[in-house]
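Enquirer: build me a model from this:
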Amino acid sequence: MTKVAVVKSDSYDTQIVEQAITELLAHLGGMSKYIQPGARVLVKPNMLEGVDEGKCVTTHP
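Expert: Below is the predicted model:
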């Protein structure tokens, strides 16, 4: 079974995004479950932006 985790971040502030990513990885068993020390990792967050009072959602450019 594939696990999916979603965490909402109310800001693009670096500290808030870092906290959200840490929380997200905790839901999946922690970073060390997937990544070995010294490994290179690219994290591609899917940043969304609500438009028209939440009726439409667009991917942040």
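
Enquirer: quick one: end-to-end length of stretch 30-39, please.
Expert: 15 Å (Cα to Cα, to the nearest Å).

Enquirer: how far does that stretch sit from its chain's centre?
Expert: For stretch 30-39, the separation from the chain centroid amounts to 16 Å (computed by Cα atoms, centre = their mean, to the nearest Å).

Enquirer: can you name the residues in contact with it?
Expert: In this structure, residues lying in contact with stretch 30-39 by Cβ atoms under 8 Å, 6 or more residues apart in numbering are Leu25, Leu28, Val41. All C-beta spots, glycine's among them, are computed from the backbone N, C-alpha and C.

Enquirer: out of the residues you listed, give me the one that has the most neighbours.
Expert: Within the contacts of stretch 30-39, neighbour counts (other Cβ atoms under 10 Å) peak at Leu25, which reaches 18 neighbours.

Enquirer: in a markdown table: the contacts of stretch 30-39, plus pLDDT, distance to Ser11 and secondary structure.
Expert: Below are the contacts of stretch 30-39 laid out as a markdown table (pLDDT from 0 to 100; distance: Cβ to Cβ, whole Å; DSSP: H, G, I helix; E, B strand; the rest coil):
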| residue | pLDDT | distance to Ser11 | secondary structure |
| --- | --- | --- | --- |
| Leu25 | 89 | 19 | helix |
| Leu28 | 89 | 22 | coil |
| Val41 | 83 | 23 | coil |
